[in-house]
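**Q** let's see this in three dimensions:
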Amino acid sequence: MPGKRAPEGRPVRLAMVGIAHETNTYSDVPANLAAFEADGILRDAEIVALHETAQTTVAGFLEAGTAPGVEVVPLLYTSTGPCGTITSGAFEAIVGEMVALVRDRGPWDGVLLAQHGAAVSEAFPDADGEVAARVRALVGPDLPIGMALDMHGNVSHKMIEATTVTTIYRTNPHIDARVRARECADLIVRTARGEIAPVQHLETPPMLINIIKQYTGEEPMASVVADSIAVEAWPGILSTSVAEGYPYSDVVEMGMAFLAIADGDRGLAMRGSQWMAGRAWDQREAFIGDTPSPAEAIARAAAAPHGPVVIMDVGDNIGGGGPADSTYLLEIAVREGVRDYLQSAYDPVAVAACVAAGVGATVTLDIGGHTNERHGRPVRFTGMVRAITDGRWEDWRPTHGGQRFFEAGTMAVVEGAGNVTIVLTSRRCGNTSIEQMYSCGVRPERKQVVVAKGVVSPRPAYQPIAAEIILANTAGVTSADLDSFEYSHRRRPLFPFEADATWEWTG
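**A** Numbers count the residues shown, from 1 in each chain. Have a look, this model is predicted:
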């Protein structure tokens with residue numbers, strides 16, 4: 001069992017565990033144990049090897065262990081790509097091991113949880129809250145627990161009640177994961193040393209922000225983030241955070257959340273979080289989505305005077321649970337004869353056919369549209385196999401979530417008439433790294449139209465080369481058309497679904 005806090009003079013010893021998952025409850029792809037095992041259930045030194053030089057949440061926690069008098073012990077960490085609900089078997093196996101490791105390898109002066117914030121399991125709609133609650137039940141009411149979350153978390157009061165400090169990314173695309181995790185760990189260290197007494201207050205007004213309005217580099221989110229930074233400067237405030245929420249998890253907590261942490265002053269924390277929430281509530285109309293149709297997006301991109309024009313395939317946002325094989329944009333591009341076009345597609349069968357044919361062979365493939373009919377139908381495509389790679393690459397540039405090492409399984413590049421290039425993958429992999437294309441000999445900056453499957457996450461990779469970025473409102477499990485989803489568990493009223501929703505704050 002975890003022991004008492006270390007006496008003065010001994011290093012502060014922190015356990016680090018985590019299961020990070022963004023659960024799209026509309027996805028047909030289950031997050032079972034095999035999915036986590038395929039992406040890696042990392043233990044001990046394996047965690048350090050993959051994350052120490054990255055910019056991830058885990059990297060921030062590990063970095064805290066380099067400070068004098070601090071030891072961070074990585075025990076277990078796992079994640080798998082955004083997809084469907086976590087099966088009970090996977091949740092109990094992984095979380096059970098996490099809790100057992102914390103129990104057996106103490107004593108500890110604190111625990112660090114590398115979670116996501118939008119995890120849903122079959123038994124626990126608030127899976128992240130359940131993880132935090134189990135750890136809290138194990139270590140008792142006084143041991144500090146820190147949790148670092150993705151900005152797309154649907155943050156619950158259960159999460160906040162079970163933790164001492166929670167921090168959330170401030171950027172979308174997420175390029176500050178390491179920074180915000182380090183902040184969380186540093187606050188836990190200060191708490192363990194008795195230097196501060198954090199108290200948290202969470203405010204969750206009944207509002208939801210459309211996925212296409214979540215880019216923090218422009219309004220309306222730029223002002224929301226600025227308000228969070230302003231409150232953090234108040235005397236007595238230790239940290240502030242804003243969660244944009246995740247609209248594809250049908251849970252009670254779905255929506256925006258505002259968190260302030262004060263040093264021993266609960267009233268101050270409440271005033272800070274309510275002020276941030278009130279400011280956002282006053283501009284709630286600005287969070288409603290508006291995007292062109294797929295046909296309009298393709299036409300605009302093809303006719304633009306300069307390329308590349310990057311089209312975000314919103315309905316197949318791989319980072320939000322999309323299946324990575326939507327064909328709505330590809331079908332239009334092929335039908336309209338669009339030239340100098342590039343996109344990726346998850347299609348292990350097509351990859352196998354390319355491997356069997358070999359580089360230089362001409363193949364005719366039915367690409368994509370295999371996961372389900374919501375993401376289009378297969379598109380017949382004829383082209384030459386230009387390259388086959390192992391689908392592994394490293395990217396030292398800023399990437400969404402801070403990931404450095406990538407794996408898309410075997411990849412095949414097929415080029416057809418009009419310089420139309422399709423990069424086929426045998427594993428689902430988001431377009432968050434431009435090195436994905438470079439690693440197989442493809443130069444996106446030489447294309448007129450580049451499709452990136454995402455909404456905001458591909459921006460660090462593609463914005464530097466883009467003449468223009470267009471968001472296309474494609475159908476699918478991550479569509480910007482939220483009225484296309486059937487919600488059974490969300491709060492009611494919730495703006496914008498109920499336009500007359502009301503909320504009052506006392507600040």
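
**Q** so residue 259 sits in a helix?
**A** No: if the criterion is DSSP: H, G, I helix; E, B strand; the rest coil, then residue 259 is strand and not within a helix.

**Q** so who does it touch?
**A** Neighbouring residues of residue 259 by CB atoms under 8 Å, 6 or more residues apart in numbering: 155, 160, 166, 168, 200-203, 240-243, 273. C-beta: built from backbone N, CA, C; applies to glycine.

**Q** got it, and residue 236?
**A** By CB under 8 Å, 6+ apart, the neighbours of residue 236 are 262, 263, 265, 268.

**Q** please convert the contacts of residue 259 to a markdown table, extending it with neighbour count and distance to residue 459.
**A** Formatted as a markdown table, the contacts of residue 259 follow (neighbours: other CB atoms under 10 Å; distance: CB to CB, whole Å):
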| residue | neighbour count | distance to residue 459 |
| --- | --- | --- |
| 155 | 28 | 24 |
| 160 | 20 | 30 |
| 166 | 31 | 26 |
| 168 | 25 | 19 |
| 200 | 23 | 31 |
| 201 | 20 | 32 |
| 202 | 22 | 28 |
| 203 | 23 | 28 |
| 240 | 27 | 24 |
| 241 | 28 | 21 |
| 242 | 26 | 19 |
| 243 | 26 | 19 |
| 273 | 28 | 28 |
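
**Q** which one of the residues you listed sits closest to residue 13?
**A** residue 166 (20.9 Å; CB to CB).

**Q** does the closest one touch residue 149 like I think?
**A** Yes: at 6.4 Å, residue 166 and residue 149 qualify as touching, with contact defined as CB atoms under 8 Å.

**Q** looking at the contacts of residue 259, which are in strands?
**A** 166, 168, 200, 201, 202, 203, 240, 241, 242, 243 (DSSP state E).

**Q** measure the fifth one to residue 179 for me?
**A** Going back to what we said before, that points to residue 202. 21 Å (CB to CB, to the nearest Å).

**Q** next one: the last one
**A** Between residue 243 and residue 179 the distance is 17 Å, computed by CB to CB.

**Q** and for the third one?
**A** The spacing between residue 200 and residue 179, counted by CB to CB, is 19 Å.

**Q** cool, and the fourth one?
**A** As defined by CB to CB, residue 201 lies at a distance of 23 Å from residue 179.

**Q** could you do residue 359 as well?
**A** 42 Å.

**Q** between these two, which is the more surrounded one?
**A** residue 179 (19 against 13; other CB atoms under 10 Å).

**Q** which residue ranges form the helices in the stretch 151-300 of the chain?
**A** 157-162, 177-192, 221-232, 266-282, 294-303 (DSSP state H, counting those that start in this stretch).

**Q** deepest of those helices, which one?
**A** helix 177-192 (a mean of 24; mean count of other CB atoms under 10 Å).

**Q** pLDDT averaged over that one - what is it?
**A** Taken as a whole, helix 177-192 has a mean pLDDT of 98.

**Q** quick check: domain ranges of the chain?
**A** What the record gives for the chain is the domain set 12-287, 294-479, from automatic domain parsing.

**Q** tell me the contacts of residue 98?
**A** 17, 18, 19, 75, 76, 131, 135 are the contacts of residue 98 under CB under 8 Å, 6+ apart.

**Q** list just the nearest of the residues you listed to residue 278.
**A** Nearest member of the contacts of residue 98 to residue 278, counting by CB to CB, is residue 131, at 30.5 Å.

**Q** for the closest one, give its distance to residue 451.
**A** From residue 131 to residue 451 the distance is 36 Å (CB to CB).

**Q** same question, residue 224
**A** For residue 224, the distance to residue 451 - CB to CB - is 29 Å.

**Q** next: residue 417.
**A** 18 Å.

**Q** higher neighbour count, these two?
**A** residue 451 (30 against 11).

**Q** quick one: least confident helix or strand in the protein?
**A** strand 405-407 (a mean of 93; mean pLDDT, DSSP states H and E).

**Q** other residues contacting that one?
**A** So strand 405-407 is contacted by 50, 54, 391, 392, 393, 394, 395, 427, 429, 433, 435, 436 (CB under 8 Å, 6+ apart).

**Q** CA atoms only: put the helix or strand following that strand into PDB for me.
**A** With elements assigned by DSSP states H and E, the helix or strand that comes after strand 405-407 is strand 411-416. What follows is strand 411-416, C-alpha atoms only, in PDB (Å, rounded to 0.1, in the frame of the first residue of the first chain):
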ATOM      1  CA  MET A 411       2.100   2.000 -46.700                       C
ATOM      2  CA  ALA A 412       1.700   2.100 -50.500                       C
ATOM      3  CA  VAL A 413       1.800   5.100 -52.800                       C
ATOM      4  CA  VAL A 414      -0.400   4.900 -55.900                       C
ATOM      5  CA  GLU A 415      -0.300   7.600 -58.600                       C
ATOM      6  CA  GLY A 416      -3.000   7.900 -61.300                       C
END
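
**Q** thanks again, I'm all set now.
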